[in-house]
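*Asks:* the following block contains a protein sequence and its predicted model.
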Protein chains: 2
Amino acid sequence: MAHQPLIRTRQKEKTINGISTQVVCTEFSNYVFIVLTQYGKIGTLVSITPDSRSSDISTPMFTTKVLLGKDEALTHVIAKNVATFVSQEAGNRPVLLGLALKDPSAENLKILKDLIKSCQVW
Amino acid sequence: MAHQPLIRTRQKEKTINGISTQVVCTEFSNYVFIVLTQYGKIGTLVSITPDSRSSDISTPMFTTKVLLGKDEALTHVIAKNVATFVSQEAGNRPVLLGLALKDPSAENLKILKDLIKSCQVW
């Protein structure tokens, strides 16, 4: 029987508009760690935390915080766009996301999200 | 030929004083990412950055910063103790370290360091 590691990690690669894009997803008990990179770098590190609002579960809200790297508005937008679904699918666990994108254009966000989806560890 | 992933990641497990301990090491071009956990959690996230002091390379200095979690003096001590060698071996790359230890006693630090060493990706 193959050894089942306790911490699950998966990795995928995809060429998006000619740019080699890697995603690495690792599942910890209190966080899902995701790196989405087109530079091989860990990039800007963002935490995406669901707000606890027991009164209205139909419209979940998320708080994003840049822990490492440049704090730009676009980073928060991208982070929420590509990673909130992970938190929702992972029982509202927060997500730690590394973003190092050459081309963060809007039409790529769906592809990037699908790439994360293809690396599901949660 | 087996597919060689662009982002190298390795994982090990060891029982230390009866406590199951996991280490996950992932190599990015600008960081080595290490999680050392006895809870399955990512734990306290610390960056360990070598100071650039070109005049004296014989005594490297490191700056530790807690990015996520409780900022305790002991965390900085442990982080420097177990992870500065990684930075030195990895061409002075900074290290991003997740620490979630039940037993961070001094006699375990050498074992934890060896566990990281056994997961070399840099």
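*Replies:* Yep, that arrived. Residues are numbered from 1 along each chain as shown, chains lettered A, B, ... in the order given.

*Asks:* buried ones in stretch A:79-97?
*Replies:* Neighbour counts over stretch A:79-97 (16 or more other Cβ atoms under 10 Å in any protein chain shown) mark A:79-80, A:82-84, A:86-87, A:90, A:93-97 as buried. No exception for glycine: its C-beta is placed from N, CA and C like everyone else's.

*Asks:* ok, and does it reach over to chain B?
*Replies:* Yes - if you take Cβ under 8 Å from any Cβ of the partner chain as the test, stretch A:79-97 does meet chain B, through residue A:96.

*Asks:* just how off-centre is that stretch within its chain?
*Replies:* Distance of stretch A:79-97 from the chain centroid (Cα atoms, centre = their mean, to the nearest Å) equals 6 Å.

*Asks:* same check on stretch A:22-32?
*Replies:* The answer for stretch A:22-32 is 8 Å, by Cα atoms, centre = their mean.

*Asks:* just stretch A:65-75 next, same as before
*Replies:* For stretch A:65-75 - counting by Cα atoms, centre = their mean - the centre lies 14 Å from the chain centre.

*Asks:* so does that stretch get close to chain B?
*Replies:* Yes - for stretch A:65-75, a contact with chain B is found by Cβ under 8 Å from any Cβ, at A:67, A:68.

*Asks:* buried residues in that stretch?
*Replies:* By neighbour count with 16+ other Cβ under 10 Å, stretch A:65-75 contains the buried residues A:66, A:67, A:68, A:69, A:75.

*Asks:* in helices only, show me those residues.
*Replies:* If you go by DSSP state H, those have residue A:75 in helices.

*Asks:* which one of the buried residues of stretch A:65-75 sits closest to chain B?
*Replies:* Set against chain B, the nearest of those by Cβ to the nearest Cβ is residue A:67 (4.3 Å).

*Asks:* can you give me the helices in chain A?
*Replies:* Using DSSP H, helices in chain A cover A:73-89, A:106-117.

*Asks:* make TSV out of those and add distance to residue A:25 and mean pLDDT.
*Replies:* Listed next are the helices of chain A as TSV, based on distance: least, Cβ to Cβ, whole Å; pLDDT from 0 to 100:
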stretch	distance to residue A:25	mean pLDDT
helix A:73-89	8	96
helix A:106-117	7	94
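
*Asks:* let me have those helices in JSON lines, adding distance to residue A:34 as columns.
*Replies:* Output for those, formatted as JSON lines (distance: least, Cβ to Cβ, whole Å):
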{"stretch": "helix A:73-89", "distance to residue A:34": "6"}
{"stretch": "helix A:106-117", "distance to residue A:34": "6"}
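
*Asks:* ok, residue A:79 to chain B distance?
*Replies:* 15 Å (Cβ to the nearest Cβ, to the nearest Å).

*Asks:* enumerate every residue touching that residue.
*Replies:* A:46, A:48, A:64, A:97, A:99 (Cβ atoms under 8 Å, 6 or more residues apart in numbering or on different chains).

*Asks:* among the residues you listed, name the ones in strands.
*Replies:* Counting by DSSP state E, the part of the contacts of residue A:79 found in strands is A:46, A:48, A:64, A:97, A:99.

*Asks:* ok, of those, which one's closest to chain B?
*Replies:* Comparing these against chain B with Cβ to the nearest Cβ places residue A:46 closest, at 11.0 Å.

*Asks:* wait, that closest one touches residue A:70, no?
*Replies:* No - between residue A:46 and residue A:70 no contact is recorded; they are 10.9 Å apart, counting by Cβ atoms under 8 Å.
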